[in-house]
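Trainee: Here's my sequence, what's the structure:
(one chain, ligands or ions: 2)
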Amino acid sequence: MADDLADRSRGLVERRLRVGVTGLSGAGKTVFVTALIHGLLHPDYLNSLNAVRDQRYRAALLRPQPHQHLPRFPYEESVEQLAGAATGEPRWPHSTRRMAELRVSIRYRPRGLSGQLGERVLHLDLFDYPGEWLLDLALLDYDYTRWSAEVLAAAQETGQRAQAAEFLDYVGTLAPDKPDRLAESRAMEAAARFKAYLSAYRGEQGRTGLLQPGRFLMPGDLEGSPLLTFAPLPAPAPDKSGWGKSGRAPSGSLRRMMEDRYQAYLDKVVRPFHSEHFARLDRQIVLVDLIGHLARGAPGMARLDEELDGVQQALRVGSGWLPRLIQPRIERVLFAASKADHLPSDQHEALAALLRRAVDKSLRRSTFQGAETDVTALASVRATREVTVAHRPGRRYLAGQPLNAAQELAHFPGTLPTLEEIARADERSAAEALFEATAFRPPQGLAVDAPWPHLRLDRALEFLIGDRLA
Ligand SMILES: Nc1nc2c(ncn2[C@@H]2O[C@H](COP(=O)(O)OP(=O)(O)OP(=O)(O)O)[C@@H](O)[C@H]2O)c(=O)[nH]1
Ligand SMILES: [Mg+2]
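Mentor: Ligands and ions are numbered 1, 2, ... in the order given. This next block holds a predicted model:
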């Protein structure tokens, strides 16, 4: 309100809206933010954004971002890669490991009477951050002992594999409950092995359970920090003589050091991320590579449930320990299955339905009921076209250039599995793929200064910001 008044004195009403973009590694965040900004700057293909449809949308501009200490989203670089401007060869943007921010200011004319009073400006602050960090909020419910027990149990389940064994064997040789001059170097060794185990499984499963600390594989600025030098330890022996009245392992012991670091991780990493970033968002889009989850079979789908539960939990968290002012205020959450251009259009509804079902399951488990949610399937940048072939009329084929092919080809990608097929795979906990899609190169001919093809990017925008352009 104060903002509005100040700005009105300069003759222009300006408002701010902070939209978070998240999803696990590879979900499509960077491509989404790039395409969204590019679309706002070149809005010809955004007809489902009502302000564009009603011709009230004037223009958008990139502006200096509000937080100087956050990295700027690499918009120009990503556009250049996608358009192949430097090399002549379009490429998907590089994988990113950090959060980033960018402000786009949109000038529009409001609907109805207020439109006659003049144009307005919406400062849209986009905040891109790894979903792995959001899922860390689950750790707040665990103390070090309970966390250790669950993580070690999960590691034992996969114990026959090399990296899990190397980590468990090492932890098994430790005597963590006595003061130990070498505690620091043992902590470093245990943490290194723990990390090696986590990264070995990420390739296969994406994550190793919900309780994997998000910064171990996605450290951002914390690379090498002592905050990441901890690992789970087996429960202490029942005999706790020498533990003192506090009930804690003796100081100078490895266990004490690990407990302190785990606690520091919660206090210095997890809570601040929540209060400084997550809790300040107005809207949130969660990108889900559902097709990628299906490719990992039943374990992949189980991980999807876990991921969505984690998001629900994040939305709920904070009411207990955050100051009132920064309690979560996210008003709208859009869950979007990304890369829908891997399927012909007659299967997009089925893709969205699979995601909707998973979201509904986690919504039912959660008691949180604040934010308005919606589910969609979209392609930020459409890399395929739909074609038909003479001998199979009625069947829709995809034409595009596969990542590993030298030229364009048309193929039928198959059909998404039904819910029954997914449930059956789940019973057998079968790891074979439930669906496998061909990965495509970005389309040829994206121009730096012309609109790009997409699927439902504009509808996603209407849900996320449309009411603020009304
Ligand atoms: N066909 C198609 N592929 C996409 C689309 N969006 C993302 N991809 C593919 O998914 C990959 C990952 O997309 P990114 O946007 O880099 O994903 P991210 O979430 O930023 O990933 P990290 O930076 O690694 O966390 C890209 O390299 C593309 O191969 C899309 O709209 N269509
Ligand atoms: Mg990225």
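Trainee: Secondary structure element holding His38?
Mentor: helix 29-41 (DSSP states H and E).
Trainee: what comes into contact with that helix?
Mentor: 21-23, 45-46, 60-62, 73, 75, 78-79, 82, 92-96, 102, 104, 106, 124, 126, 128, 285, 287, 338, 380-381, 451-452, 454, 457-458, 461 (CB atoms under 8 Å, 6 or more residues apart in numbering). (Glycine included, C-beta is placed from N, CA and C.)
Trainee: what sits against Glu307?
Mentor: Contacts of Glu307 (CB under 8 Å, 6+ apart): Leu24, Gly131, Leu135, Arg207, Val288.
Trainee: Count the residues that sit near His94.
Mentor: Neighbour count for His94, taken as other CB atoms under 10 Å: 11.
Trainee: got it, and Lys245?
Mentor: By other CB under 10 Å, 5 other residues sit near Lys245.
Trainee: which SS state does it fall under?
Mentor: Counting by DSSP: H, G, I helix; E, B strand; the rest coil, the backbone at Lys245 sits in coil.
Trainee: where along the stretch 201-350 of the chain do the strands fall?
Mentor: 283-288, 332-337 (DSSP state E, counting those that start in this stretch).
Trainee: Pipe the ones you listed into TSV and attach mean pLDDT and distance to Glu421 per row.
Mentor: Shown next, in TSV, are those (pLDDT from 0 to 100; distance: least, CB to CB, whole Å):
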stretch	mean pLDDT	distance to Glu421
strand 283-288	96	19
strand 332-337	96	18
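Trainee: hmm, back to that, just the buried ones from the contacts of helix 29-41?
Mentor: Neighbour-count burial (16 or more other CB atoms under 10 Å) applied to those gives 21-23, 45-46, 60, 62, 73, 75, 78-79, 82, 92-93, 96, 102, 104, 106, 124, 126, 128, 285, 287, 338, 380-381, 451-452, 454, 457-458, 461.
Trainee: restrict those to contacts with ligand 1.
Mentor: Under the cut-off given by CB under 6 Å from any ligand atom, ligand 1 has Gly23, Trp92, Pro93, Thr96, Ser338, Ser380, Val381 from the buried ones among the contacts of helix 29-41 close to it.
Trainee: quick one, what contacts the fifth one?
Mentor: Going back to what we said before, that points to Ser338. Ser338 touches Gly23, Ala27, Gly28, Val31, Phe32, Leu287, Val288, Asp289, Leu290, Leu378, Ala379, Ser380, counting by CB under 8 Å, 6+ apart.
Trainee: Got the confidence number for the fifth one?
Mentor: Predicted confidence (pLDDT) at Phe32: the value is 98.
Trainee: Check the last one too.
Mentor: The per-residue pLDDT reported for Ser380 equals 98.
Trainee: What count of nearby residues applies to the residue lying closest to it once chain neighbours are set aside?
Mentor: Among residues not flanking Ser380 along the chain, Ala35 sits closest, at 3.9 Å (CB to CB, 6 or more residues apart in numbering). Residues contacting Ala35 under the criterion other CB under 10 Å number 25.
Trainee: coming back round to it: which ones among the contacts of Glu307 map onto helices?
Mentor: Gly131, Leu135 (DSSP state H).
Trainee: which one among the contacts of Glu307 gets closest to Val52?
Mentor: Nearest to Val52 among those: Val288, at 26.2 Å, using CB to CB.
Trainee: Who does that closest one form a beta bridge with?
Mentor: Beta-bridge pairing for Val288 (DSSP bridges): Ala337.
Trainee: Retrieve the pLDDT associated with the closest residue to Tyr170 other than its chain neighbours.
Mentor: Computed as CB to CB, 6+ apart, the closest residue to Tyr170 that is not its neighbour in sequence is Arg193, at 5.3 Å. Per-residue confidence (pLDDT) for Arg193: 94.
Trainee: Any idea how far apart the tips of stretch 449-465 sit?
Mentor: End-to-end distance for stretch 449-465, by CA to CA, to the nearest Å: 23 Å.
Trainee: could you give me the average pLDDT of that stretch?
Mentor: Mean predicted lDDT for stretch 449-465 stands at 98.
Trainee: what does that stretch contact?
Mentor: For stretch 449-465, the external contacting residues (CB under 8 Å, 6+ apart) are 17, 19, 32, 35-36, 38-40, 42-50, 52, 82, 122, 124, 283, 285, 332, 334, 336, 340-341, 345, 348, 374, 376-382, 443, 446.
Trainee: Could you do stretch 387-397 as well?
Mentor: Under CB under 8 Å, 6+ apart, the answer for stretch 387-397 is Pro344, Ser345, Asp346, Glu386, Leu398, Ala399, Ala410, His411, Phe412.
Trainee: let's see it at 6 Å
Mentor: With CB atoms under 6 Å, 6 or more residues apart in numbering as the test, stretch 387-397 has contacts from Pro344, Asp346, Glu386, Ala399, Ala410, Phe412.
Trainee: and ligand 1, which of those reach it?
Mentor: Okay, of the contacts of stretch 387-397, nothing touches ligand 1 (CB under 6 Å from any ligand atom).
Trainee: Now the buried members of those residues.
Mentor: Buried among the contacts of stretch 387-397 by 16+ other CB under 10 Å: Pro344.
Trainee: pLDDT weak spots in the stretch 351-470 of the chain?
Mentor: 366-369 (pLDDT under 70).
Trainee: who in it is up against ligand 1?
Mentor: Within the stretch 351-470 of the chain, the positions near ligand 1 by CB under 6 Å from any ligand atom are Ala379, Ser380, Val381, Ala383, Ala439, Phe440.
Trainee: Phi, psi for the fourth one please.
Mentor: Spelled out, it's Ala383. phi -100, psi 0 (degrees, to the nearest 10).
Trainee: The second one too?
Mentor: With angles defined as degrees, to the nearest 10, Ser380 sits at phi -60, psi -40.
Trainee: and what of the fifth one?
Mentor: When quoted as degrees, to the nearest 10, the phi and psi of Ala439 stand at phi -90, psi 140.
Trainee: Which residue ranges make up each domain of this protein?
Mentor: The chain breaks down into these domains under automatic domain parsing: 2-129+277-383+447-469, 143-269.
Trainee: Of the ones you listed, which stretch is the most buried?
Mentor: When the domains of the chain are scored by mean count of other CB atoms under 10 Å, the highest mean neighbour count falls to domain 2-129+277-383+447-469 (a mean of 18).
Trainee: can you list contacts of the lengthiest helix in the chain?
Mentor: Longest helix in the chain by number of residues (criterion: DSSP H): helix 183-205. Contacting residues not belonging to helix 183-205 are listed as 163-164, 166-167, 170, 208, 212, 216-217, 229-231, 254, 257, 299 [CB under 6 Å, 6+ apart].
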